[in-house]
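Participant: Dropping a prediction and its sequence here:
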Number of protein chains: 2
Amino acid sequence: MMNGVNEPLTRQEFVAQAAAGEVVVEVAGCGVCHTDLGFYYDGVRTNSELPLALGHEISGRVVATGDGAGDWLNKAVLIPAVIPCGECDLCRRGKGTICRSQKMLGNDIQGGFASHVVIPIQGLCPVDEKRLAAAGLELADISVVADAVTTPYQAVYQAGVTEGSLAIVVGVGGVGGYCVQMAKAFGATVVAIDIDQGKLDTIAEHGAAITFNAREISGRDLKKAISAFAQENGLPSTEWFIFECSGSKPGQESAYSLIVHGATLSVVGFTMDKVEIRLSNLMAFHARVLGNWGCLTEHYPGTLDLVLDGKIELKAFIEQKPLSEISSVFDAVHQQKMQRRAILVPDA
Amino acid sequence: MMNGVNEPLTRQEFVAQAAAGEVVVEVAGCGVCHTDLGFYYDGVRTNSELPLALGHEISGRVVATGDGAGDWLNKAVLIPAVIPCGECDLCRRGKGTICRSQKMLGNDIQGGFASHVVIPIQGLCPVDEKRLAAAGLELADISVVADAVTTPYQAVYQAGVTEGSLAIVVGVGGVGGYCVQMAKAFGATVVAIDIDQGKLDTIAEHGAAITFNAREISGRDLKKAISAFAQENGLPSTEWFIFECSGSKPGQESAYSLIVHGATLSVVGFTMDKVEIRLSNLMAFHARVLGNWGCLTEHYPGTLDLVLDGKIELKAFIEQKPLSEISSVFDAVHQQKMQRRAILVPDA
């Protein structure tokens, strides 16, 4: 339980009970996301009052069901990080990401750094356990699909990446690494940019066609280098798809500086920091910036398919840790000491 | 002819000759745009070397034709401000606004502050002179349709404004005034924002449902006031369509601050100034920013129809001036002493 910014996380007993249309899920694993750290270290406000269990990347098994949810009993599930109400005008028009009654786990309602979570069933994504085993994955492993993999899915889908596109991913950590793989799965040739050479080396083996260390090359030189790469490989010199996944001011500035004619810059990462940019460049380049909030629940099964089909590699990017070690894991992630995304698994 | 930034404009004789696929147009009128002033006073670089005749909002009559352009002889025409090549891959995919071979009048090629212009025929928009007369308009009057009216057309079309939308236009001068009318023509209820009470009073009579003077109300109060207006009138509280037409830093900052969930901010005006903004708001609000460069030539006939049908009022917003007075007119526009858009008409 988070009690306050930078205050010690505490353990709290609770009784999980499912109301009508809800289920209780025994958590198999819950991924640690940049967003959790934002709440805990940077004072980004949670929508629900504290104390609150953080965590929104959850897989698990349904162990109790409320009225009308009986079919889900004992099923393995992936829980959407953000659950739209499914009933309002926006949801009916397929705009669930801006549903004003949406519930984000570990923000609006109790999250997954816990033994159990209680959630509404709309949008719940079933997991085929045979395919899971065939893919060499455990149920806890796919927790990160909710958010870390689905968010890039929606961003890449929304941007319109297609066969032959040139995609650029800035920040290839947790979400960005999957964004590289996702853009490639959609047919793009992918340029990866980061300041962490280790992450660049890893992503070069998992989808990136070329990598650039932003500590060594930046600004106009970086844009020139990517243009040269595009030209050498018969890729477009316009309409680049840029994905800002670092959630940092330098990353956003770098991503913005790469805008070419007809470019699409997707803002996937989050930071409270402001950036100083020439907004009019969007006019001069007829370019666009698309914010991306989470992922519609309808895209979850398709995203999971890509993972189970081996088009998105998880294993090289995740690491299971006991939930009891949450404080030291948060600390390690905060200090950027972990190369892989931590998945907290409730202690037996 | 512009010879240099802030250097006196000069008169220069030339022989207008049409090559194959080109026509010579006798200029009826050419509108004075913010962009021209940017070149002349602010040192925004023209793509063509100086000396150059500025001016890209041109109507006139074809008086000579090159090979393959004979059908245009004697026709009244509206000339697209930006003429895509029509042949490249981008043009063929309907992306003419980012065509790398596009020619902008008074920027890439000689413009309309002249007696004649020579232009390629692709995209040339014929004018029905009977309907023009029936609408009580002269050929010179509709020069401003190229750019000042077509640009808002494309911005409103691209943003997806529809019946029942809430649109907000920041800066209701030259382009912005038409943007208010255009958004209304597409079915929106329109909020107009400016710092010039005179312009607000005018636009209140031509399409704006409510106006706000940004000198009196801004920031959060402005957003609250628009929200209250939306609620009172049964308009959406999400998915606002914001059009930044002031081409100024305060205008852009104001427009950005009005972003709500699912909002679309269209950048229509241009300024060299940078703005300091929290780009991540686009992620948190699942909002987007769309740059808009000019207007595809294929939208010109539809835009002209709206004018000739009386859905877009021109007369209240324009004022003809002799071309020989260009220097004093530039000065007056630069000092914001003109309430209406100036159209320069070649002296008889």
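Facilitator: Perfect, thanks for sending it. Numbering: from 1, shown residues only, chains lettered A, B, ... in the order given.
Participant: for the residue of the stretch 1-150 of chain A found nearest chain B, phi and psi?
Facilitator: When scored by C-beta to the nearest C-beta, the stretch 1-150 of chain A has A:I98 as its residue closest to chain B, at 4.1 Å. C-beta coordinates here come from the backbone N, C-alpha and C atoms, glycine included. Dihedral angles of A:I98 (phi, psi; degrees, to the nearest 10) stand at phi -110, psi 10.
Participant: give me the number of residues near it?
Facilitator: For A:I98, the count of nearby residues is 21 (other C-beta atoms under 10 Å in any protein chain shown).
Participant: How about A:E13?
Facilitator: By other C-beta under 10 Å, the residues close to A:E13 number 5.
Participant: Same question for the one 10 residues further on.
Facilitator: Burial measure for A:V23: 28 neighbouring residues, criterion other C-beta under 10 Å.
Participant: And it, how far from A:V117?
Facilitator: 9 Å (C-beta to C-beta, to the nearest Å).
Participant: Identify the residue spatially nearest to A:P250, adjacent ones excluded.
Facilitator: Once flanking residues are discounted, A:P250 sits nearest to A:A214: 7.4 Å by C-beta to C-beta, 6 or more residues apart in numbering or on different chains.
Participant: Could you report the separation of the one you found from B:G251?
Facilitator: 32 Å.
Participant: These two - which one has more neighbours?
Facilitator: Set side by side, A:A214 and B:G251 show more neighbours around B:G251, with 22 against 19, by other C-beta under 10 Å.
Participant: could you point out which element follows the host helix or strand of the more buried one?
Facilitator: Assigned by DSSP states H and E, B:G251 belongs to helix B:249-257. Once the chain leaves helix B:249-257, the next helix or strand it forms, by DSSP H and E, is strand B:264-267.
Participant: contacting residues around the next helix or strand after that next one?
Facilitator: Following strand B:264-267 in sequence order, the next helix or strand is strand B:275-277 (DSSP H and E). With contacts defined as C-beta atoms under 8 Å, 6 or more residues apart in numbering or on different chains, strand B:275-277 is touched by A:274-279, B:249, B:252-253, B:256.
Participant: Give the buried residues for strand B:275-277.
Facilitator: Using 16 or more other C-beta atoms under 10 Å in any protein chain shown as the test for burial, strand B:275-277 gives B:275, B:277.
Participant: same deal with stretch A:132-142?
Facilitator: Across stretch A:132-142, burial judged by 16+ other C-beta under 10 Å covers A:132, A:135, A:137, A:139-142.
Participant: and what of stretch A:272-290?
Facilitator: Burial within stretch A:272-290, assessed by neighbour count using 16+ other C-beta under 10 Å, is assigned to A:275, A:277-283, A:285-290.
Participant: Please flag which of these sit within strands.
Facilitator: Cross-referencing the buried residues of stretch A:272-290 against strands under DSSP state E gives A:275, A:277, A:288-290.
Participant: Please tabulate those in CSV, including the columns distance to A:Y178.
Facilitator: Compiled in CSV, those are given as follows (distance: C-beta to C-beta, whole Å):
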residue, distance to A:Y178
A:V275, 24
A:I277, 26
A:R288, 23
A:V289, 21
A:L290, 18
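Participant: which among the residues you listed gets closest to A:Q158?
Facilitator: Nearest to A:Q158, judged by C-beta to C-beta, of those is A:L290 at 6.0 Å.
Participant: where does chain A dip in pLDDT?
Facilitator: Of all residues in chain A, none has pLDDT under 70.
Participant: What's the local residue count around the closest residue to A:A208 other than its chain neighbours?
Facilitator: Spatial nearest neighbour of A:A208, chain neighbours left out: A:A192 (3.8 Å); criterion: C-beta to C-beta, 6+ apart. For A:A192, the tally of surrounding residues (other C-beta under 10 Å) stands at 29.
Participant: How about A:H206?
Facilitator: Residues near A:H206, counting by other C-beta under 10 Å, number 17.
Participant: quick one, phi psi at it?
Facilitator: Note on A:H206: backbone dihedrals following degrees, to the nearest 10 are phi -130, psi 50.
Participant: likewise the one 3 residues further on?
Facilitator: Here the main-chain torsion angles of A:A209 (degrees, to the nearest 10) amount to phi -80, psi -30.
Participant: swap in A:R340?
Facilitator: The phi/psi pair for A:R340 (degrees, to the nearest 10) reads phi -110, psi 160.
Participant: Now do the contacts for the spatially most central residue of chain A.
Facilitator: Geometric centre of chain A, nearest residue: A:A148, 2.4 Å, by C-alpha atoms, centre = their mean. With contact taken as C-beta under 8 Å, 6+ apart, A:A148 is in contact with A:31, A:33, A:57, A:174-175, A:178, A:341.
Participant: With A:A134 instead?
Facilitator: Residues in contact with A:A134 (C-beta under 8 Å, 6+ apart) are A:L308.
Participant: 10 Å instead?
Facilitator: Counting by C-beta atoms under 10 Å, 6 or more residues apart in numbering or on different chains, A:A134 touches A:128, A:308, A:310.
Participant: Among these, name the ones in strands.
Facilitator: Short answer: those have none in strands (DSSP E).
Participant: ok, of those residues, which come out buried?
Facilitator: A:L308.
Participant: does A:A204 really touch A:N213, like I thought?
Facilitator: No - using C-beta atoms under 10 Å, A:A204 is not in contact with A:N213, being 11.3 Å away.
Participant: Find the residues that touch each one of those two.
Facilitator: A:A192.
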